[in-house]
Structures are given as C-alpha cells and as structure tokens.
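[1] got a predicted model here, sequence first, then my questions.
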Amino acid sequence: MKLMSVIIGLFLLLACKKGNTTVMDNAQQKPVTPIDTAKKPVTPAKPTDTVKPKPADPNKGKQLNYIALGDSYTIGEAVNSWEAFPYQLAGQLNAGGLIINPPKLIARTGWTTSELKEAIASSGVIQKFDFVTLLIGVNNQYRGESKDTYRKEFKELLQIALNYVNGNKTRVFVVSIPDWGVTNFAKQSGRNQKVISAEIDAFNAINKEETVAMGVSYTDITPGSRLAVDDTSLIANDGLHPSAKMYRQWSDLLSPKLLQVFK
C-alpha cells in the first residue's frame, strides 16, 4: 500500500512539470513587418540617341578596273610605262586604300579623236570598267583639224567613255590638253609658240564645255603644263612630252576626286 502511494506521488510530480512548459502566445510574439505586395510604378528609362549603322561600303575590298583613253599623253611617250599618269594614278589610289588593277590603255602617240574612236571600235574591248579617263585633242590641234569636227567626235568619245562605266557620270574623268607650245620642240619647230598656246586654249574650251554639259568631272592640267617654260624638269628627254614629274602632278589632281567617289 505504501509502495502504491509512492508510485502515485511520482506520477503526479511528473505531470506537474509537464504542465509548467512555457508556450509563447500571439500576444507575446514580436510584430512582423508586413511585405508590401502592391506593384510600385516603374520609372521609365531615359531615352538614348539612336545611332544609325553606317551603310556597308560596296567598294571595300573590291578590285577596281580602270581604262584610260587617249594619245601619247596617256601612254607616257618618252618615259617608262609605269611613269605615265594612268599608272601613277593607280598607284596613288592603291596607297589611298583602294585596290586598282593594272590600267587598260587604248592610246597611241599621234592619235586624233577620229583615230581613237576607230581604235576603240576595233579593240574588241566591251567589258565594263569602274572608272575611265579621257585625254584627247592635241593632234587635232597639231594637224590643224576643224574645231567643229573635234567637238562632234569628242562628244562621241564622251559617250563611249560613259558606256564603259554603265552610264555612271561620276566615274568618267576628262583631262585637259597640256600646252606643248612652251617646249623646246615647239621652239625649234619654227611655229609661233603663242599661237600654239592660243589654239590649245580653244580646243580645251570645247572639251571643257562638252564635259560640263554632260555632267562629267573635268581636270584642268594645262596651267601646270605651262610651268615647263621655266622648269625643264617637267619635260621628258625628247623635249616635247611630259616627264614623270609632270605626270605626277596630274595624278595629284585626279586622285582626290577618285578617292572621294570610291571611299
């Protein structure tokens, strides 16, 4: 009986300890800051300047083909072939970042406008080119041919030049006739040098007028050629034709125009 009383007492003691376990009610808990689930307005991003991409350069990396039409001033009579202005021009353009194939020349010493026309027709050259130069007329003047005939045939040659570049007027470059009247050859020929210069001016007036009317580029190299009266280094050893130095001056005048077109 005594043992039973002890067991009951122990049981009651354990029960009391369990009942004393602390339980935190809601009132005792620390307040929890509620999360604001409402959507906040989004500040729009500041507009930025739109930069348009540069159009691709169709000529970048392209090999350009060049044809030069003319006479002795185009082939470089009395100088090395690579010193003629078409080759010096191609070299300058290559140095300027273009890729120019070796020029195609249809030219010969002594040719007039009619002979150049005939040579082009019989050459069989029908391919298209990226640009063309035209310099012709000194032999028309030298032989005393009609200025009216020169005008007619020069216009026809201009059209032929345009055909070589698919009618693109920005790709045709006409060069004026240099003045051979200032050379030793002219002095020794017995001709009046002032008359020669005046006739050169008259033929150049025709080719310039027709070139401008066609909307084609015109490069006047004649004033520079007249510097040879005091600077003999501008004339080749034959005493008549331009030296490589003079041809370089022509190239210096032409190359910026071509670089502007192709770059």
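    Perfect, thanks for sending it.
[2] and the helices in the stretch 101-250 of the chain, which stretches?
    Per DSSP state H, counting those that start in this stretch, the stretch 101-250 of the chain carries helices over the ranges 113-123, 138-142, 147-164, 184-189, 193-214, 222-225, 244-262.
[3] so where is this protein shaky, pLDDT-wise?
    1-60 (pLDDT under 70).
[4] if we can go back for a sec, please identify the most buried of the helices of the stretch 101-250 of the chain.
    Of the helices of the stretch 101-250 of the chain, the one with the most neighbours on average (mean count of other C-beta atoms under 10 Å) is helix 138-142, at a mean of 21. The way it works is simple: take the backbone N, C-alpha and C, and place the C-beta from them, glycine included.
[5] can you tell me what sits against that one?
    With C-beta atoms under 8 Å, 6 or more residues apart in numbering as the contact definition, helix 138-142 has outside contacts at 71-73, 110-113, 115, 149-150, 177-178, 180, 196, 199-200, 203.
[6] repeat for stretch 234-243
    For stretch 234-243, the external contacting residues (C-beta under 8 Å, 6+ apart) are 72-73, 76-79, 178, 180, 183-186, 188, 225, 227-228, 233, 245-246, 249-250.
[7] with adjacent residues omitted, what lies nearest to E210?
    Distances taken as C-beta to C-beta, 6 or more residues apart in numbering place K155 nearest to E210, at 5.3 Å, with adjacent residues excluded.
[8] ok, now F85?
    Closest residue to F85 apart from its sequence neighbours, by C-beta to C-beta, 6+ apart: Y247 at 4.1 Å.
[9] then S114?
    E153 (5.7 Å).
[10] contact partners for that neighbour?
    Applying C-beta under 8 Å, 6+ apart, we find E153 in contact with 112-114, 117.
[11] just the closest of these to A161, please.
    K117 (11.3 Å; C-beta to C-beta).
[12] the closest one: what's it in contact with?
    Counting by C-beta under 8 Å, 6+ apart, K117 touches 153, 156-157, 160.
[13] and if we set it to 10 Å?
    Going by C-beta atoms under 10 Å, 6 or more residues apart in numbering, K117 touches 69, 111, 136, 153-154, 156-157, 160.
[14] can you give me the distance of the residue nearest to S114 to L116?
    To L116, E153 is 8 Å away according to C-beta to C-beta, to the nearest Å.
[15] joint contacts of the two?
    Residues touching both E153 and L116 by C-beta under 10 Å, 6+ apart: 136-137.
[16] minimum distance to F85: which of the helices of the stretch 101-250 of the chain has it?
    That would be helix 244-262 among these, by C-beta to C-beta, at 4.1 Å.
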